[in-house]
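Novice: based on what follows, work out the 3D shape:
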Amino acid sequence: MHVNRYTALVTAVLWVLSIGCAPPQETASAPQVTVFDAEAFFATTSVFGASFSHDEARLLITSDASGIFNVYSQPFEGGQPTQLTQSSTDAYMGVSWFPQDDRFLYTADQGGNELNHLYVQEADGATRDLTPGDNLKAMFGGWSQDKEVFWVLTNERDPRHFDVYQYATNGYERKMIFENKESWMPANISSDGRWVALDKSRTSADSDIYLYDTTHPGTPPKHITAHEGNIQYTTSTFSRDSKTLYYLTDAHGEFTQGWSYDLASGEHAPVIEADWDVMYVTFSENGRYRVSATNEDARTVMKIVDNRSGEMLALPDLPDGDITGVRFSSSETKMAFYVNSDTSPNNLYVLDVGSGEHRKLTESLNPEIAREVLVDGQVVRYKSYDELEVPSILYRPHSASPETPVPALVWVHGGPGGQSRKGYRAEFQHLVNHGYAILAVNNRGSSGYGKTFYHMDDRKHGDVDLKDCVWARKYLEGLDWVDGSKVGIIGGSYGGYMVAAALAFEPEAFDVGVDIFGVTNWLRTLENIPPWWESFKESLYDEMGDPATDKERLQGNSPLFHAANITKPLLVVQGANDPRVLQVESDELVEAARANGVPVEYVIFPDEGHGFRNKVNRVTASNNYVEFLNKHLRGETAPETE
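Specialist: This is a model prediction of the structure:
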C-alpha cells in the first residue's frame, strides 16, 4: 500500500479535453512482431539520481546494471560509469556527493523492510553507518549553504516520530536540532539551518504547515496555514537565501498551486497557477533557476525559469517524453536531467547551460529490442456506471486487429490515491508484446485529476472504485480488436486489493485475477501499519476507516472475509519481508481460494519487501504473469520466444 507524499490531486467531473472516450476502430490487419521473454524487457537498465561532484566532472547515480541497485559515478563528459558500491543482495541508493571531496552518501534497507539507514563511503572506499541501530529508519535532509553541516531525519528515539539531527561534514559529530514530540513530518530545512518546515496531516483532505525556529529551542512551532474547512498544505522547499518558504495548496480551486510565504513579513503570495496540479517547486544551488513541474494528464511537464531574466530556460531538441530529475551543478553552469517515455526507459542527459550543448549519457533500452516493438500508451476516457469519465492509458498490442482480437487486462495502480502514468514499464511491454491489451485505469480516488475526483472513493473502497474497474471491462468489450470474452484484472499493492475485491465482490466481472502483494484484510493492515507512518496515520484512517470504530465496514470491504465467493483463477505474488502488506494477508487469501477448488498459483520472494528491487525477481514475476495468463485467460501455451 503506497501513501502518496504529495497533496491529493483532484477532479474528473468536467472533462473539457478533446480526447475521445474511445480510440478509433481500425480494420487493417495487424503486423507480426517478434515475441520476447521478460528477460529482454528487464534487460533495460533502471537509472536515476544525479548529484554533481565537487569538481562538476562526475554525477552520482543509482543503477541496477549489476542486477540490483548500486551506486555509480558517471562522467559528465560521457563514457562508462564506475560502480562504487558492490551489493549483491540489498538495494543501495545514491544520495549525494560530499561538496568538497570524493566521499558520498547512500541509503539502504535490509531485504526490502524499508528500515533505511544512511551511510557514507569514504574516499578510500571504507563505509560507515551514520545511523546505526535496530528498527530505525533514516533519511537525508540536505546540506547547509556553507556545506559545513548536513541534516538527517531519524526515528531512533521514537519509532513514530522523525527527529532532525545536524551532522558535521568533517568528523560526523551530531546534535539534535528538532525533537519531534507530535505527529509532524519534517519536510524541509532552510539552507542557513534556522528553519524546519513541518507538515502535519489531519485528514486525507486537510493538512497544515508549521515552522520551527532552531535559534529558539523549545519554542513551539508556528502554525502558518491557519484555515477553515478541508484544505491541503504541503511544503515544497525554501529559497536558497532562507527568506521564503514555497509550498503547495489546493486552497484556491480544484488543483494544487504553488505559493510562497515570506518568513519576515508572514505574507502569502501565489507563484504558479495551472489547470493541473503543481507537483513541486525547487531551485538551483544559488537560486538562479526555479524548477517546477505540473501533472498534466498522467505526464510530467517541466518548466525552468531564469530568475534573473524571468524567461524560460531554452532546452535543446529532445526525444518525446517526460523530463524529470533536473539537477544543477554548484556553479549553475551545468544541468543533468532524465527523459522517459512509454517506449524509452529513463535516460540521463546533461546540458551545458551557457552553450546549449547537450549529451545523452545512458542507453537504457536493451539493444536487442527495437523501439518499434514497444507500444506507446494512448490516453483515453470511458464512462463509468454513473456517467463519470475515468481517465486511463490504453496499450494496444501490434498484433491486435478485428480479425485477430486479443485478450485484455484492467491494470489497477497502487495507493490508495496513486496514479497510472505514462512512461516505460517493462512488465507492461512484456504483457503487450505477448498479445495482452492493457487498460491502466485511474479510477475515482486517483491523484492528478483534482481534489473532487481524488476524494470520490473516501470510505467507499471496494465499492465505487471497483465499479469503475468493472466498467473498464465494458469499455474494452466495445473495442473491435479486443476479445471481450477474455478480460482479466491485475494490480499491485492497493491495486492488488482491487484484484482480490473484484474476484470476491464481483465474481463474474473478470475471468482471472493477478494480485501482486495486495491488501486482503483491512482490519489487520490498518492495525499493523509501520510506526514511521505515524505522521499520516490519522489521514489514512480518515480515508480508509479506523479499525477501532469501523470494524464492521472494514471487514465488509476486506476480500479475505468473502473469499468463498472467488470462482476465477488467481495468481498471488508476495514479498516475504513486506512491512506494509504482511505475507499472512496473501497466505490466508490463497488458502481460502484454494478451499473453493479454484486454480490458485502463489509466488513468494523471500528477499523482497513491498515491490521488487532485485532484477531477477522482477523477471520471474513478469514471466509468471504471462505463463498464468496464457494458461487461464488465453487458454493456450505461450508463443515461441527468441
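Novice: any chance you could map the strands in the stretch 51-200 of the chain?
Specialist: In the stretch 51-200 of the chain, the strands defined using DSSP state E, counting those that start in this stretch lie at 58-63, 70-75, 82-83, 92-97, 104-108, 117-121, 127-129, 138-143, 149-158, 161-168, 174-178, 185-189, 195-203.
Novice: as TSV, those strands with mean pLDDT and mean neighbour count would be great.
Specialist: Every C-beta, even on glycine, is put in place using the N, C-alpha and C of the backbone. Shown next, in TSV, are the strands of the stretch 51-200 of the chain (pLDDT from 0 to 100; neighbours: other C-beta atoms under 10 Å):
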stretch	mean pLDDT	mean neighbour count
strand 58-63	98	23
strand 70-75	98	22
strand 82-83	98	12
strand 92-97	98	21
strand 104-108	98	22
strand 117-121	98	20
strand 127-129	97	12
strand 138-143	98	19
strand 149-158	97	20
strand 161-168	97	20
strand 174-178	97	16
strand 185-189	97	23
strand 195-203	94	22
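Novice: closest to Arg580 out of these?
Specialist: Among the strands of the stretch 51-200 of the chain, strand 149-158 comes nearest to Arg580, with 16.3 Å by C-beta to C-beta.
Novice: tilt between the closest one and strand 92-97?
Specialist: Counting by axes from the mean of the first three to the mean of the last three C-alpha atoms, to 10 degrees, strand 149-158 lies at 140 degrees to strand 92-97.
Novice: check which helices and strands strand 149-158 sits against.
Specialist: Counting contacts by 3 or more C-beta pairs under 8 Å, 6 or more residues apart in numbering; DSSP states H and E, strand 149-158 is packed against strand 138-143, strand 161-168.
Novice: which other helices and strands does the shortest one contact?
Specialist: With contacts defined as 3+ C-beta pairs under 8 Å, 6+ apart, the secondary structure elements packing on strand 138-143 are strand 92-97, strand 104-108, strand 117-121, strand 149-158, strand 185-189.
Novice: report the contact partners of Tyr395.
Specialist: Each residue near Tyr395 by C-beta atoms under 8 Å, 6 or more residues apart in numbering is listed here: Asp342, Val375, Gly377, Gln378, Phe428, Val432, Ala437, Ile438, Leu439, Ala440.
Novice: among the residues you listed, name the buried ones.
Specialist: Among these, those classed as buried by 16 or more other C-beta atoms under 10 Å are Asp342, Val375, Gly377, Phe428, Val432, Ala437, Ile438, Leu439, Ala440.
Novice: among the residues you listed, which are located in strands?
Specialist: Ala437, Ile438, Leu439, Ala440 (DSSP state E).
Novice: let me see the contact set for the third one.
Specialist: Contacts were defined as C-beta under 8 Å, 6+ apart; by that measure Leu439 touches Val380, Ser392, Ile393, Leu394, Tyr395, Ala408, Leu409, Val410, Trp411, Ala472, Tyr475, Leu476.
Novice: now do the contacts for Lys360.
Specialist: Contact analysis of Lys360 by C-beta under 8 Å, 6+ apart lists Asn347, Leu348, Tyr349.
Novice: neighbour-wise, give me the winner out of those residues.
Specialist: Leu348 (24 neighbours; other C-beta atoms under 10 Å).
Novice: what about that residue, distance to Arg290?
Specialist: 22 Å (C-beta to C-beta, to the nearest Å).
Novice: check His562 too.
Specialist: 51 Å.
Novice: what of Gln583?
Specialist: For Gln583, the distance to Arg290 equals 45 Å [C-beta to C-beta].
Novice: same question, Val600
Specialist: Noted for Val600: a distance of 52 Å to Arg290, by C-beta to C-beta.
Novice: now the helix or strand of the chain with the lowest mean pLDDT - C-alpha only, CSV.
Specialist: Every helix and strand of the chain was ranked by mean pLDDT, DSSP states H and E. The lowest is helix 537-544, at a mean of 79. Provided in CSV are the C-alpha atoms of helix 537-544 (Å, rounded to 0.1, in the frame of the first residue of the first chain):
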residue,chain,number,x,y,z
LYS,A,537,-1.9,7.6,10.3
GLU,A,538,-4.9,9.9,11.1
SER,A,539,-5.1,10.9,7.5
LEU,A,540,-5.1,7.2,6.4
TYR,A,541,-7.7,6.3,9.0
ASP,A,542,-9.9,9.2,7.8
GLU,A,543,-9.8,7.9,4.2
MET,A,544,-10.0,4.2,4.8
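Novice: skipping adjacent residues, who's closest to Ala576 in space?
Specialist: Excluding its sequence neighbours, the residue lying closest to Ala576 (C-beta to C-beta, 6 or more residues apart in numbering) is Pro606, at 4.7 Å.
Novice: count the residues that sit near the one you found.
Specialist: Neighbour count of Pro606, defined by other C-beta under 10 Å: 10.
Novice: can you pull the pLDDT of it?
Specialist: Looking at Pro606, its pLDDT is 94.
Novice: what do you get for Ser29?
Specialist: pLDDT at Ser29 comes out at 48.
Novice: Glu642 now?
Specialist: On pLDDT, Glu642 comes in at 48.
Novice: would you turn the ones in strands among the buried ones among the contacts of Tyr395 into a markdown table with pLDDT and distance to Tyr246?
Specialist: What follows is those, written out as a markdown table (pLDDT from 0 to 100; distance: C-beta to C-beta, whole Å):
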| residue | pLDDT | distance to Tyr246 |
| --- | --- | --- |
| Ala437 | 98 | 42 |
| Ile438 | 98 | 37 |
| Leu439 | 98 | 37 |
| Ala440 | 98 | 32 |
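Novice: I'd like those as CSV, with distance to Gln145 appended.
Specialist: Listed next are those as CSV, based on distance: C-beta to C-beta, whole Å:
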residue, distance to Gln145
Ala437, 52
Ile438, 47
Leu439, 48
Ala440, 42
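Novice: which one of those is nearest to Ser330?
Specialist: Ala440 (39.6 Å).
Novice: wait, that closest one touches His413, no?
Specialist: Yes. Ala440 is within contact range of His413, at 7.0 Å (criterion: C-beta atoms under 8 Å).
Novice: shared neighbours, those two?
Specialist: Shared contacts of Ala440 and His413, defined by C-beta under 8 Å, 6+ apart, are found at Ser420.
Novice: just the pLDDT for the closest residue to Arg240 other than its chain neighbours.
Specialist: Once flanking residues are discounted, Arg240 sits nearest to Gly287: 3.7 Å by C-beta to C-beta, 6+ apart. Listed pLDDT for Gly287 reads 96.
Novice: contacting residues for Gly287?
Specialist: Ser239, Arg240, Asp241, Asn307.
Novice: give me every residue that touches the last one.
Specialist: Read it as Asn307. Taking C-beta under 8 Å, 6+ apart, we find Asn307 in contact with Gly287, Arg288, Tyr289, Arg290.
Novice: just the buried residues from these, in PyMOL please.
Specialist: Buried subset of these, written as a PyMOL selection, criterion 16+ other C-beta under 10 Å:
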select buried, resi 288+289+290
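Novice: secondary structure and distance to Asn630 for the contacts of Asn307 - can I get that in CSV?
Specialist: Converted to CSV, the contacts of Asn307 look like this (DSSP: H, G, I helix; E, B strand; the rest coil; distance: C-beta to C-beta, whole Å):
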residue, secondary structure, distance to Asn630
Gly287, coil, 55
Arg288, coil, 55
Tyr289, strand, 50
Arg290, strand, 50
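Novice: any idea how this structure splits into domains?
Specialist: 284-364, 369-634 (automatic domain parsing).
Novice: okay, how far is it across the longest one, tip to tip?
Specialist: Across its full length, domain 369-634 reaches 25 Å end to end, with C-alpha to C-alpha, to the nearest Å as the criterion.
Novice: equivalent analysis for stretch 432-451, please.
Specialist: 32 Å.
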